[in-house]
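Participant: only geometry, no sequence info:
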């Protein structure tokens, strides 16, 4: 366990192992993503109430699920960097924020587009959308805080604290928004319950969720690799790498 | 409490301290111990990392360096800023100090302020005092403090000639009592006591 | 002579912060003035119809209280950071968790409590039904303590930054939202005759959680800010 | 395949514009997510390589300069 941690803490090792992982994971992810999109768009029957517009679910729900999970990944990485002072956790945490923000953005935009044919309006203050909006604010707060610090090491620590505070708060925020929505519930608007989703719709959805998770991992690793190179620019292994690969 | 100082037990020990800023190595593998009776002056040009080192020693800098610092005794740190609130009087500044070192009664505070040449200024609002007098209020903490280990960053800044003399005497008194002082300063100490020098590049020397 | 006990030390810090605040009364008056001015904005923006205003009053009052709290929380640690007192606080032998609570208590007393106490005046100006005024004050008292605790997290994380003013709002506002939801719901409930007890209990629960956890984050944030 | 023709795919019973725009935006954002770190990585390596060559002062660099 400890040696594994030590290895994780070694930048050249992390760089090379993440390169190997990416070589396999990235193609698989792209194929799964393409397959899921084609399946969801072309090979499933439309929803009996919402018609074809429900096909947006295949990107909206995965983006939302992974965006939320991404915040927890970020907070856990932050906790590791604070407790064990592991620099790689810092790098991972920093890389999570923009990806999570982008996924949250996707979830919001697709939700809004979905809302137009379903509810007849681009934006509804529904519990889930409101929660996603707050999640976007949380992500952007982390990005803004990171950018505001000149000392990047301090920036990482500060963002780690902020993301931990966010992790404690997210369940509270989600529960309160849920409760708030049930208090003010406009009667007619409701999702078709996802619990009763038909298997023929569920399988492509599960595929897409997995693909989004894989995509998140790929982006995370790629961002970490770039960040590693920048932080370790003065070391021998990066300079060797630059000689090999920089001249293309 | 420096009552029976065991001369060989260090008050502070640093091992393998290295610091890099902006790709430049300020110091590396710096190891030393501060024993009771030591008067240690950190040497180096502007930007050499003196303040960084003293902040690491105090425990204010916790990231960005390698090596370890162990503090075995309560310490008193005086930094660049005076830490004096303009809205409080010198007496209140000392009595309610956020450092939380001790309960000082008015008499002790009056004595300490008198020692730094602020007799009669106890209840004047600090915004009526000059920058040098703010620093003196801060230095009055040295007369109140019972911490054996003092970390002083440029204590002579904005202090006039007689103030410097008083302060030098105080430092010697403190180390003779079994305390220890680690300080940075651009000027050489005019004291008869043995001063140790810590060069950021070469390490400890006499 | 030895170091003072933790409780006396914290009370001394509290007293220091309160004296500092009261020696500059304008700083205490500013949030109240802000409250009054923004209250005046709403009739101008929404129209003066009393029924409409009274419908929005719980939300309006809570949002303004939240904003004035937010605007003042930036200053909690700033002057101590600038004059070096914060370094001394971090080096003090006292537990930082509790000394930080003293700072927050002072902030709560001079903003939250004061706002809660004057809020009935503004509630009447916005035609809030009289039976809801008591709940408004109670919810503001409880809620503003949570706001102070959470706001100080943002203050601690941004105190070292030159341009922290706007940033703190971005960091902290999302965490204010649950407090806003339950605080304004309590007042809304009182208007429609729903017992406010459960809402206040939830606010109290949030307060307990915040007291237990926020000082940890604030202490960590202060250490990072002083380090940077 | 659920749809009969390309036209039906694009139209989707009137919801086509919503569905397709949602997918398009998503794909653009995802593509950016993947391309930005890749470009950043390449840029860092190139800059570093240039820096190293400058420091060594190879004749190649002189030729390019003239």
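Facilitator: Perfect, I can see it now. Keep in mind the model is a prediction, meaning the values are calculated, not measured.
Participant: so how far is chain D from the closest residue to chain B within chain C?
Facilitator: As assessed by CB to the nearest CB, chain B sits closest to residue C:84 within chain C, at 2.9 Å. (C-beta placed from N, C-alpha, C; glycine too.) Going from residue C:84 to chain D by CB to the nearest CB, to the nearest Å gives 38 Å.
Participant: can you name the residues that contact the residue nearest to residue A:207 when sequence neighbours are not counted?
Facilitator: Here the nearest residue to residue A:207 in space, its sequence neighbours aside, is residue A:36; by CB to CB, 6 or more residues apart in numbering or on different chains that works out to 4.4 Å. Counting by CB atoms under 8 Å, 6 or more residues apart in numbering or on different chains, residue A:36 touches A:58, A:204, A:207, A:208, A:211.
Participant: ok, the fourth one touching residue A:41?
Facilitator: The reference is to residue A:208. No: using CB atoms under 8 Å, residue A:208 makes no contact with residue A:41, being 10.8 Å away.
Participant: what's the overlap in contacts for these two?
Facilitator: residue A:58.
Participant: tell me which of these two has more neighbours.
Facilitator: Legend: neighbour count by other CB atoms under 10 Å in any protein chain shown for residue A:208 and residue A:41, higher for residue A:208 (27 against 21).
Participant: what ranges does chain C have for its helices?
Facilitator: In chain C, the helices defined using DSSP state H lie at C:6-22, C:25-46, C:50-73, C:78-82, C:85-91, C:96-107, C:114-125, C:133-158, C:165-192, C:197-227.
Participant: swap in chain B?
Facilitator: Using DSSP H, helices in chain B cover B:50-58, B:90-95, B:106-115, B:131-144, B:161-176.
Participant: picking up where we left off before, of the helices of chain C, flag the one that's most buried.
Facilitator: helix C:133-158 (a mean of 27; mean count of other CB atoms under 10 Å in any protein chain shown).
Participant: and the angle from that one to helix C:114-125?
Facilitator: Here the directions of helix C:133-158 and helix C:114-125 differ by 130 degrees (axes from the mean of the first three to the mean of the last three CA atoms, to 10 degrees).
Participant: helices of chain D, start to end?
Facilitator: Using DSSP H, the helices of chain D run over D:6-11, D:16-56, D:59-65.
Participant: would you point to the one among those that's packed deepest?
Facilitator: helix D:16-56 (a mean of 16).
Participant: chain center to it: distance?
Facilitator: Taking CA atoms, centre = their mean, to the nearest Å, one finds helix D:16-56 lying 5 Å from the centre of the chain it belongs to.
Participant: again with stretch A:230-238
Facilitator: That offset, for stretch A:230-238, works out to 28 Å (CA atoms, centre = their mean).
Participant: and that stretch, how far apart are its ends?
Facilitator: 9 Å (CA to CA, to the nearest Å).
Participant: for chain A, give me the ranges with low pLDDT.
Facilitator: A:1-9, A:48, A:185-197, A:246-248 (pLDDT under 70).
Participant: repeat the analysis, applying 90 as the threshold.
Facilitator: A:1-19, A:37-58, A:81-91, A:111-130, A:149-154, A:174-205, A:227-248 (pLDDT under 90).
Participant: how about residue 112, nearest residue that isn't a chain neighbour?
Facilitator: Assuming you mean chain A. Nearest to residue A:112 is residue A:122, by CB to CB, 6+ apart, at 5.2 Å.
Participant: please refer instead to chain C.
Facilitator: Spatially, and ignoring its direct neighbours in sequence, residue C:112 is nearest to residue C:144 (2.7 Å; CB to CB, 6+ apart).
Participant: so what's that neighbour up against?
Facilitator: Applying CB under 8 Å, 6+ apart, the residues near residue C:144 are C:65, C:69, C:108, C:111, C:112, C:113, C:115, C:116.
Participant: kindly report the same for residue B:183.
Facilitator: B:39, B:40, B:41, B:42, B:150, B:151, B:152, B:153, B:155, B:171.
Participant: quick one on the thing from earlier: wait, the residue nearest to residue A:112 touches residue A:111, no?
Facilitator: No: if you go by CB under 8 Å, residue A:122 and residue A:111 don't touch, sitting 9.9 Å apart.
Participant: neighbour count winner among those two?
Facilitator: residue A:111 (25 against 11).
Participant: the helix or strand containing that one to helix D:16-56, inter-axis angle?
Facilitator: If you go by DSSP states H and E, residue A:111 is part of helix A:87-119. Helix A:87-119 runs at 160 degrees relative to helix D:16-56, counting by the same axes, to 10 degrees.
Participant: ok, and for helix A:87-119, which residues are buried?
Facilitator: A:87-118 (16 or more other CB atoms under 10 Å in any protein chain shown).
Participant: ok, now which ones touch residue C:219?
Facilitator: So residue C:219 contacts C:96, C:97, C:100, C:156 (CB under 8 Å, 6+ apart).
Participant: now the most centrally placed residue in chain C: how far from chain A?
Facilitator: Centroid check for chain C by CA atoms, centre = their mean gives residue C:148 as the closest residue, at 3.4 Å. From residue C:148 across to chain A, the span is 15 Å (CB to the nearest CB).
Participant: for that residue, which non-adjacent residue is spatially closest?
Facilitator: Here the residue nearest residue C:148, using CB to CB, 6+ apart, is residue C:108, at 4.3 Å.
Participant: pretty sure that neighbour is touching residue C:142, no?
Facilitator: No: using CB under 8 Å, residue C:108 makes no contact with residue C:142, being 10.5 Å away.
Participant: just to revisit the earlier point, for the helix holding residue A:111, packing partners?
Facilitator: Applying 3 or more CB pairs under 8 Å, 6 or more residues apart in numbering or on different chains; DSSP states H and E, one finds that helix A:87-119 makes contact with helix A:11-42, helix A:57-83, helix A:127-148, helix A:152-183, helix A:199-231, helix D:16-56.
Participant: tilt between the fifth one and helix A:57-83?
Facilitator: Using the same axes, to 10 degrees, the direction of helix A:199-231 lies 40 degrees away from that of helix A:57-83.
Participant: same check on the last one?
Facilitator: Between the axes of helix D:16-56 and helix A:57-83, defined by the same axes, to 10 degrees, the angle is 40 degrees.
Participant: residue in chain C nearest to chain A?
Facilitator: residue C:228 (3.5 Å).
Participant: what is the neighbour count of that residue?
Facilitator: Count around residue C:228 with other CB under 10 Å applied: 20.
Participant: OK, contacts around it?
Facilitator: Residue C:228 touches A:149, A:150, A:151, A:154, A:158, C:160, counting by CB under 8 Å, 6+ apart.
Participant: and of these, the nearest to residue B:93?
Facilitator: residue C:160 (22.9 Å; CB to CB).
Participant: that older thread, reformat the helices of chain D as a markdown table; add mean pLDDT and distance to chain B.
Facilitator: Below are the helices of chain D laid out as a markdown table (pLDDT from 0 to 100; distance: least, CB to the nearest CB, whole Å):
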| stretch | mean pLDDT | distance to chain B |
| --- | --- | --- |
| helix D:6-11 | 74 | 56 |
| helix D:16-56 | 88 | 12 |
| helix D:59-65 | 47 | 22 |
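Participant: contact partners for the spatially closest residue to residue D:33 that is not a sequence neighbour?
Facilitator: Closest residue to residue D:33 apart from its sequence neighbours, by CB to CB, 6+ apart: residue A:219 at 4.9 Å. Going by CB under 8 Å, 6+ apart, residue A:219 touches A:95, A:99, D:33, D:34, D:37.
Participant: the residues you listed: which two are farthest apart?
Facilitator: Pairwise over the contacts of residue A:219, using CB to CB, the maximum falls at A:95 and D:34, 13.1 Å.
Participant: residues near the nearest residue to residue A:19 once chain neighbours are set aside, how many?
Facilitator: Counting by CB to CB, 6+ apart, residue A:225 is the residue found nearest to residue A:19 once chain neighbours are left out, at 7.2 Å. For residue A:225, the count of nearby residues is 24 (other CB under 10 Å).
Participant: residue D:20 contacts residue D:10, correct?
Facilitator: Yes: between residue D:20 and residue D:10 there is a contact at 7.1 Å, judged by CB under 8 Å.
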